[in-house]
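*Asks:* Here is my input; please provide its structure:
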Amino acid sequence: MSEPESSYASVFVPADPRISVQALQTRLKNARIFHEQIADYFSARREAEEAYVRQLQKITKRSFLSDTTYLPPEYRGVYDRLVSELAEVAQIHGQLERRIMRECEQPLRDAPSSGEWASLRRYDDTLAPILKELNSLESQLHKDQKKFESKRTGAQHAKLEATQEALTQAVNQWDQNVPLAVQAYERVDRARLTMLRETVRQFSRAQNDMAKALYDLSGETGHAASQFNVDHEMLTYVDNIRLPERSRALASTVPPAPQSPTAVETSQDRAPSHGMNQRPTSSHVQRWRDPWEQNETPMGRASPRFSVPLPSALLHHSTSPTKTPIREHGMRDVPSPIPSQLTPGRGTMYDLGAHAAHTSPDKSMASQAPFGPRRVPLGDDEAAARRSARRTTTHLTQVPSLPDSQEEEAAWERMRTQLRNSSLGMPVPVSRRREYRNSSVPTINPRGQSPPVEELRGLQQTSETATPAPPMMSAFSPATISTTHMSPTVHAVPLSVRILERVNVMWVGGALTRIMVVGEIRLSMHAAGPASGRARIQLTHTDQLEKVASHPDVLAQVPEVPHVFELDLAELSRADNNIVALRYQLQTSPDTYAQWAPIYIEPQWRCEPQQSSLLLSYRVNAESQLAARAPHAALQAVSFAVSLPHDTPVSGAVLSQPVGDWDPSAQQLHWERPTTLPLDDTTPNKILARFPLAAQGTPQPVSASWQLPAHTLSDVSIEALTGEQAVVFADIHRETVAGKYFAQP
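*Replies:* Next up, the predicted model:
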């Protein structure tokens, strides 16, 4: 194959001078026009990007962005992300516009007036007089030949020979100068065609970079949208809403009874009303206050549980208001009235007769709300809770409350767990409230004396069961009436765990000098919905750990118990759904460095005055722990990169085998292996690269990147312990990736 510089010379030098010069000059003239046209194309693309950026800026000035009146509170994170995305998208398109101007449009417009293209004028100035003389001598020779043919004289012959000799000298001078000019035209033509190709490639890279940036940006927006918890937003709405209470209207329709209340009812009427409908805040849990704590009834401290309703036709009403606190199920106990006149003594039965039989619950209405406590909205307004608690009907004596405040706190926690599990879609125990059952309360002492403490404790223990009564009969006795105490089931909160370990390796001069393996454990809620309480977890297989650090807002170290932590579920649900809860570092020593690096990389440089060459060898380390743990696994996304400093600019095309991705703005060459790299394949692999430089180059570091899913270098794991709130790890994902993995010359 002939040299590129001789291709034009072999065609245009032997040809007619006028035709050759005209052809070359016409080609470069058309090239100048086309450069202006393609530059106008990139200018139009740049103006389109500018117009798009201006439109984005106009959106930021619209009034609806600042109006958050109708914005759902939990949706603010997504909305803020959409607003901030406008500026980020505008910045990305602005960068594309500047790159089009700098790398595409401006070089095309400056090419005809710079470089060797501009030096063609010197060759044109040299060839123009020679070409003019050739044209003149050829015309003169033609005239002399005609004169000599018409008049053959010695003078005409001498003149003809002189003209012929001058023409021969001009042709020789042309032959001496035209090859250099033709080669210059050829170089300019090659350079401008190469510029056309590289300009489009630069434009493609700029668009590719913009697409990558927009892809990452859209990923962040999608992640923000996935963090929006619909159930949490609905629960927040229910918690904050205030609705008028129906209980006031219902209470006003019940006429007062003319009879005096019993001793038990009087003591209950004197009990102060408290706001029992307050939900704990996110920062702390308020202690539930028993409304009967400071008021002693004739039967001792009393706290309402569930009351048993009777037919409305047999109710005896009283004007004494009653107080109904909230219990474990997160609802108010609205007491149902019973006959206010009870005959003292144990075992006394009250036969309601046929009316009670006809008013028995209808089995076909089992899906309706059962009798007993009526669910009312939870709220923080104590006055509203006190107003909704007032009723004009009497009710049974309340079962004594648990004296221990810790059990009250436990009841609150069970209520929150049940509400949270219901929002997570978990089954909630259903209370069979419509079943026929007998109820029992302590025998009313006719003298108004309080029963012994042992009797109250026995009542509290036996209140967990209920004996069903005949379906056609309602029998009540002060000694046998009881209520069923439903204790909500505590469900374990499912969590997702991701264990990620990064391998940081550094070679210097071909020697492995430093290795550091760090890991992190990320926790996230496995299902949507808020969570609360504290769970206890333990870090296992810690014999290889050198350092451990926990997230201060999520985990708290249990004193004097190594590697045991308390997990704040409320903080975890409020924080990022993929928070790094634990970080650790594995123990490494110089004599075991070879066991931690799964890939060996060895760069070899040859730096010359005008170019630098790189030979990169890499292979799998068969002695590594990853190869021993997962011999049939394969490293994924294996890639290598090398960057050249900007003080040694690249002056030409970069060559590499296999083909890599060259970024001229960053002067970085990146290779990505098209297939995975099995850990049992120790075959050496090589990468070649050559960089033409404008100055003397120096060896540069080479970095590597890879990832191995489903495997880690250590057996570090996490398990749940028994604590205030049970948790279960639904899935545990492991992965090992390359951190700062590079080789210095």
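*Asks:* Contact partners for residue 82?
*Replies:* By CB atoms under 8 Å, 6 or more residues apart in numbering, the contact set of residue 82 is residue 221. (C-beta placed from N, C-alpha, C; glycine too.)
*Asks:* same question, residue 720
*Replies:* Applying CB under 8 Å, 6+ apart, one finds that residue 720 lies in contact with 492, 535-538, 726-729.
*Asks:* Arrange these in TSV, one row each, with neighbour count as further columns.
*Replies:* Shown next, in TSV, are the contacts of residue 720 (neighbours: other CB atoms under 10 Å):
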residue	neighbour count
492	16
535	23
536	19
537	25
538	16
726	16
727	23
728	12
729	17
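*Asks:* Arrange those in CSV, one row each, with pLDDT, secondary structure and distance to residue 101 as further columns.
*Replies:* What follows is the contacts of residue 720, written out as CSV (pLDDT from 0 to 100; DSSP: H, G, I helix; E, B strand; the rest coil; distance: CB to CB, whole Å):
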residue, pLDDT, secondary structure, distance to residue 101
492, 85, coil, 60
535, 92, strand, 57
536, 93, strand, 60
537, 94, strand, 56
538, 94, strand, 59
726, 88, coil, 62
727, 90, strand, 56
728, 90, strand, 58
729, 89, strand, 54
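*Asks:* which two from these end up farthest apart in space?
*Replies:* Comparing all pairs in the contacts of residue 720 by CB to CB, the longest separation belongs to 492 and 538, at 15.6 Å.
*Asks:* Of the contacts of residue 720, which is the nearest to residue 686?
*Replies:* Scanning those for proximity to residue 686, where the rule is CB to CB, the winner is residue 729, at 44.1 Å.
*Asks:* close enough to count as contact, that closest one and residue 495?
*Replies:* Yes. Residue 729 lies in contact with residue 495 (CB atoms under 8 Å); the separation is 5.5 Å.
*Asks:* what pLDDT does the nearest residue to residue 43 once chain neighbours are set aside get?
*Replies:* With sequence-adjacent residues excluded and distances taken as CB to CB, 6 or more residues apart in numbering, residue 43 is closest to residue 105, at 5.3 Å. In the predicted model, residue 105 carries a pLDDT score of 91.
*Asks:* helix/strand/coil for residue 105?
*Replies:* helix (DSSP: H, G, I helix; E, B strand; the rest coil).
*Asks:* could you list every residue that touches it?
*Replies:* Contacts were defined as CB under 8 Å, 6+ apart; by that measure residue 105 touches 39, 42-43, 46.
*Asks:* Near residue 238, how many other residues are there?
*Replies:* By the criterion of other CB atoms under 10 Å, residue 238 has 12 neighbours.
*Asks:* before we move on, which element is it in?
*Replies:* With the criterion set as DSSP states H and E, the secondary-structure element containing residue 238 is helix 230-240.
*Asks:* and if you look at residue 11?
*Replies:* Under the assignment given by DSSP H and E, the secondary-structure element containing residue 11 is helix 6-12.
*Asks:* okay, now residue 643: neighbour count?
*Replies:* Using other CB under 10 Å, residue 643 is surrounded by 15 other residues.
*Asks:* Hmm, it is touching residue 668, no?
*Replies:* Yes. Here residue 643 lies in contact with residue 668, judged by CB under 8 Å, at a distance of 4.4 Å.
*Asks:* buried set for the helix holding residue 238?
*Replies:* Buried residues in helix 230-240, defined by neighbour count with 16 or more other CB atoms under 10 Å: 231-232, 235.
*Asks:* next one: stretch 605-622
*Replies:* Of the residues in stretch 605-622, those buried by neighbour count under the rule 16+ other CB under 10 Å are 605, 607, 611-612, 614, 616, 618-621.
*Asks:* which is the next helix or strand following the helix holding residue 11?
*Replies:* Using DSSP H and E, the next helix or strand after helix 6-12 towards the C-terminus is helix 17-60.
*Asks:* picking up where we left off before, of all the contacts of residue 105, which comes closest to residue 638?
*Replies:* Distance ranking of these against residue 638, using CB to CB, places residue 42 first at 36.3 Å.
*Asks:* average pLDDT for the helix or strand containing residue 671?
*Replies:* Assigned by DSSP H and E, residue 671 belongs to strand 668-672. Computed over strand 668-672, the mean pLDDT rounds to 95.
*Asks:* helices or strands up against it?
*Replies:* Contacting strand 668-672 under the criterion 3 or more CB pairs under 8 Å, 6 or more residues apart in numbering; DSSP states H and E are the following elements: strand 634-643, strand 661-663, strand 685-692.
*Asks:* run the last query once more with 6 Å
*Replies:* If you count contacts as 3 or more CB pairs under 6 Å, 6 or more residues apart in numbering; DSSP states H and E, strand 668-672 packs onto strand 634-643.
*Asks:* so what secondary structure elements neighbour the strand it packs on?
*Replies:* strand 668-672, strand 677-678, strand 702-709.
*Asks:* Would you point to the one among those that's packed deepest?
*Replies:* Mean neighbours per residue, mean count of other CB atoms under 10 Å, is largest over the helices and strands packed on strand 634-643 for strand 702-709, with a mean of 19.
*Asks:* Report the strands that pair with that one, each with its relative direction.
*Replies:* The pairing partners recorded for strand 702-709 under DSSP bridges are strand 634-643 (antiparallel), strand 727-744 (antiparallel).
*Asks:* And the buried residues of helix 230-240, which is closest to residue 173?
*Replies:* Comparing those against residue 173 with CB to CB places residue 232 closest, at 90.8 Å.
*Asks:* got a pLDDT number for the closest one?
*Replies:* 87.
*Asks:* Quick check: nearest residue in space to residue 79, chain neighbours excluded?
*Replies:* Spatial nearest neighbour of residue 79, chain neighbours left out: residue 71 (5.9 Å); criterion: CB to CB, 6+ apart.
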